[in-house]
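[1] Take this sequence and fold it.
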Amino acid sequence: MAIQAFIFSQANKPERFWIATPLTRQSMPTTQRPLVLVVHNSDLDAFRQCKDLFIDRGVKNEAKALPSLLLGYEGFIPFIDGNYSSSGRLQQGIRALLEKAGEVGEAKAYVIGTGEQLLREMESGHESDDSEMTTRPGPARSKHPLALKEWPVPDDLAKLFRGDTLEHRLVRQLILRALDNEKTVLILGETGTGKSLIARAIHDLGKRSGPFVEVNCGAIPSELLESELFGYMRGAFTGATSFKRGLWEFADQGTLFLDEVGDLSPQHQAKVLHALQEKEIRRVGGIKGIKVDARVIAATNHDIFAMTRTKHFRQDLYFRLSEIIIRTPVLRGHPEDIAHLAELQWEELRPNQARLSPEVLKELSAMRWPGNVRQLNSFLSALDSLYKSEELRVEHIRALQRYYSEAPEGYAIDEEDPSYHRIECLRHLRRADEVVHACEMQLKSLADGQSLSGQERNSLEETRAELQILLKDRLYFHSQETYDAVARLDRDLNDLLLLPEHDARPQVRFWNGTLEPDLHRATGRIFSEVQQLLGEG
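    Prediction:
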């Protein structure tokens, strides 16, 4: 098997080149001058599997030039999803990259991914501009990898939630969509991934005039949580000498943020569900309900969907909380983003000073960050304090890393251990199961013989964008059959969204003949895969 590439040297016409797989340093072209190889986006997965040779620079940010994204990675061959809409723009970027590489004396290969139409244009020697409309057989597909129309991101939000990966872009788009309605929001993610920042952003950028009230459901003792959340009447219990308003009531006209909602006891889950459904609360010892208009945002680092399957979390409460689901990406899944985030944090710590060197960025990118962005920022702050008057060097990082490695959290994770890969597969499949189940809930109108509403279509587009991000990590589906079943469902959803919006007949016909069987096939494959992996344990 080989990967087809078009190779550029200087400003010459591209030549076809075949890269042998599995990828090794020997399979890449030898060069004494900078070269650019352009490959199909689908072939970038092969480069992602060879992390000791290649470094993933994610998707090209439209505001950044190729040289700033690809130069300076000593010892690595950088690759990037170019995200270009015309071959003319792509070749302009390649020329600028080759010119800049020559100026700084870099003589190595760079890899850029693009779509099939642009590859054909380069092969024929034709350069398209942004005004050209290309046609191809089959349904039209968005040029954006998210498969979701991207709205302009305000500067405040871009600075608050940083990152250039597809996952970061999806998070920002979901935040913007959450501002347009009053749906409940469920934020899922590991510690240190910015869940509270997202909740605060939705409130601050939204239209609600009331306060932002945060409740840490895991930090308040269970016996006190109800009175803290809902308040109490005078005489409700010993020591209740007067009535007290609860935090839910304080959030009237504003936002109530239920952090660590997965830690709620079954009794408290029932009371939270009642307050959400009825939009009223009842103080401890009270008789009458009190109407409260508070938007609810919840967050947890638990696998809350799996908890519904094991009866540890109420399924009806989960569905009530998850009208919009936002998942925060983890750093270990996107090492290519570490350098970008580190540069931004360092610029804040030391404005108007020298940027971090390529060697330092490479060292930071190779480290494990179990505490995610919070840990990365804390680590850089410690470096700034310890080496205030010095230019940061690799030795400084290694010294502080040795100090922190004595802490229980540590950094050591053996990714070659088969059990580690099995756990990552399970985590990935659990998330796929949740997303596919969300699709099923959003398609209920079709099962009832009705067309999708505008709101259902919007929700389905958001869910499909997340499904496509899952499909990027092909190896975590554990088997090709499961990956193919989920990929087929993704294509079905795309085809469904291309059907006429208000005509129920073709939508229902497509549901009965194609979509429903493929949905059940994907669900069955994921379930079987999870059971197999659990059996291996």
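[2] just for the stretch 101-250 of the chain, where's the confidence low?
    Along the stretch 101-250 of the chain, the parts satisfying pLDDT under 70 run over 123-147.
[3] the strands in it, which residues?
    Remark: strands assigned in the stretch 101-250 of the chain by DSSP state E, counting those that start in this stretch are 109-114, 185-188, 212-216, 231-232, 244-245.
[4] domains of the protein?
    Following automatic domain parsing, one finds the domains of the chain at 2-124, 155-327, 341-404, 418-536.
[5] could you dump the ones you listed to a markdown table with mean neighbour count and distance to Pro335?
    Where C-beta positions appear, they are placed from N, C-alpha and C, glycine not excepted. A markdown table is the format used below for the domains of the chain (neighbours: other CB atoms under 10 Å; distance: least, CB to CB, whole Å):
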| stretch | mean neighbour count | distance to Pro335 |
| --- | --- | --- |
| domain 2-124 | 17 | 7 |
| domain 155-327 | 18 | 10 |
| domain 341-404 | 16 | 5 |
| domain 418-536 | 17 | 13 |
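[6] Those into TSV, with extra columns for distance to Lys149?
    As requested, the domains of the chain are arranged in TSV below (distance: least, CB to CB, whole Å):
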stretch	distance to Lys149
domain 2-124	15
domain 155-327	9
domain 341-404	26
domain 418-536	8
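[7] Ok, which of those domains comes nearest His334?
    Across the domains of the chain, His334 has its closest neighbour in domain 155-327 (4.8 Å, CB to CB).
[8] What is the end-to-end distance of that closest one?
    Chord length of domain 155-327, first to last residue, is 21 Å (CA to CA, to the nearest Å).
[9] The helix or strand containing Ala438 - contacts with which helices or strands?
    Using DSSP states H and E, Ala438 maps to helix 418-442. Under the contact criterion of 3 or more CB pairs under 8 Å, 6 or more residues apart in numbering; DSSP states H and E, helix 418-442 touches helix 304-309, helix 454-472, helix 480-497, helix 516-536.
[10] average pLDDT across whichever helix or strand comes after it?
    Heading C-terminal from helix 418-442, the first helix or strand you meet, by DSSP H and E, is helix 444-447. Rounded to a whole number, the mean pLDDT of helix 444-447 is 92.
[11] Next: stretch 508-525.
    Stretch 508-525 carries an average pLDDT of 94.
[12] quick one: contacts of it?
    433, 436-437, 439-440, 443, 446-447, 449-451, 481-482, 485-486, 488-489, 492-493, 495-496, 499 (CB atoms under 8 Å, 6 or more residues apart in numbering).
[13] now stretch 301-312
    186, 188-191, 195, 260-263, 313-315, 318, 427, 430, 433-434, 437.
[14] next one: stretch 103-116
    Residues lying outside stretch 103-116 but in contact with it, judged by CB under 8 Å, 6+ apart, are 5, 28-29, 31-41, 43-44, 47, 54, 66, 70-72, 77-82, 84, 87, 90, 93-94, 97, 101, 143.
[15] okay but Gln173 is in contact with Pro152, surely?
    No. With contact defined as CB atoms under 8 Å, Gln173 does not count as touching Pro152 (10.4 Å).
[16] And what about Val39, helix, strand or coil?
    Assigned with DSSP: H, G, I helix; E, B strand; the rest coil, Val39 falls in the strand class.
[17] For it, which non-adjacent residue is spatially closest?
    Excluding the flanking residues, the one nearest Val39 by CB to CB, 6 or more residues apart in numbering is Ala5, at 4.8 Å.
[18] And Arg57, by the same measure?
    Computed as CB to CB, 6+ apart, the closest residue to Arg57 that is not its neighbour in sequence is Ile80, at 4.1 Å.
[19] Direction included, what does the top strand by length along the chain pair up with?
    Of all the elements of type strand in the chain, the one with the most residues (DSSP state E) is strand 2-9. Paired with strand 2-9 in the same sheet, following DSSP bridges, are strand 15-20 (antiparallel), strand 35-40 (antiparallel).
[20] contacting residues around the last one?
    Residues from elsewhere that reach strand 35-40 (CB under 8 Å, 6+ apart): 3-9, 14, 17, 19, 29, 82, 90, 94, 97-98, 108-116, 119, 122.
[21] Check stretch 265-274 too.
    By CB under 8 Å, 6+ apart, the list of residues contacting stretch 265-274 from outside reads 217, 222, 225-226, 229-230, 258, 261, 264, 313-314, 316-317, 320.
[22] can you give me the helices in the stretch 51-200 of the chain?
    For the stretch 51-200 of the chain, applying DSSP state H, counting those that start in this stretch gives helices covering 66-70, 87-104, 116-124, 155-160, 166-179, 195-205.
[23] now those helices in a markdown table, with distance to Phe212?
    A markdown table is the format used below for those (distance: least, CB to CB, whole Å):
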| stretch | distance to Phe212 |
| --- | --- |
| helix 66-70 | 36 |
| helix 87-104 | 42 |
| helix 116-124 | 46 |
| helix 155-160 | 14 |
| helix 166-179 | 14 |
| helix 195-205 | 4 |
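[24] where along the stretch 251-400 of the chain do the helices fall?
    For the stretch 251-400 of the chain, helices defined by DSSP H, counting those that start in this stretch occupy the ranges 266-278, 304-309, 315-321, 338-349, 358-366, 372-386, 394-404.
[25] nearest to Arg464, of those?
    Closest to Arg464 of the helices of the stretch 251-400 of the chain, according to CB to CB: helix 304-309, at 17.7 Å.
[26] Any idea how far that closest one is from the middle of the chain?
    Distance, stretch centre to chain centre, for helix 304-309: 20 Å (CA atoms, centre = their mean, to the nearest Å).
[27] cool, and stretch 61-81?
    Distance, centroid of stretch 61-81 to centroid of chain: 21 Å (CA atoms, centre = their mean).
[28] what about the stretch 401-537 of the chain, any weak spots by pLDDT?
    Applying pLDDT under 70 to the stretch 401-537 of the chain flags residues 403-420, 535-537.
[29] The same query, at a cut-off of 50, please.
    Within the stretch 401-537 of the chain, the ranges that satisfy pLDDT under 50 run 406-417, 537.
[30] excluding its backbone neighbours, what's nearest Leu118?
    Using CB to CB, 6+ apart and skipping the chain neighbours, the partner closest in space to Leu118 is Ser87 (4.5 Å).
[31] what about the one you found, distance to Leu44?
    Ser87 sits 18 Å away from Leu44, going by CB to CB, to the nearest Å.
[32] Mind telling me which residue is nearest the centre of the protein?
    For the chain, the residue sitting closest to the mean C-alpha position, by CA atoms, centre = their mean, is Glu167 at 2.4 Å.
[33] show me the contacts for it.
    With contact set as CB under 8 Å, 6+ apart, Glu167 has these partners: 327, 329, 333-334, 469.
[34] shouldn't the residue nearest to Arg57 be in contact with Gly58?
    Yes. Counting by CB under 8 Å, Ile80 touches Gly58, with 6.7 Å between them.
[35] Glu226 touches Gly286, doesn't it?
    No. Between Glu226 and Gly286 there is no contact under CB under 8 Å: 11.5 Å.
[36] Any idea which of the domains of the chain gets closest to Leu148?
    Set against Leu148 and scored by CB to CB, those come closest in domain 418-536, at 4.1 Å.
[37] Off-centre distance for the closest one?
    Mean-position distance between domain 418-536 and its chain equals 17 Å (CA atoms, centre = their mean).
[38] Same question for stretch 106-125.
    That offset, for stretch 106-125, works out to 27 Å (CA atoms, centre = their mean).
[39] Then stretch 252-272?
    Between the centre of stretch 252-272 and the centre of its chain there are 25 Å (CA atoms, centre = their mean).
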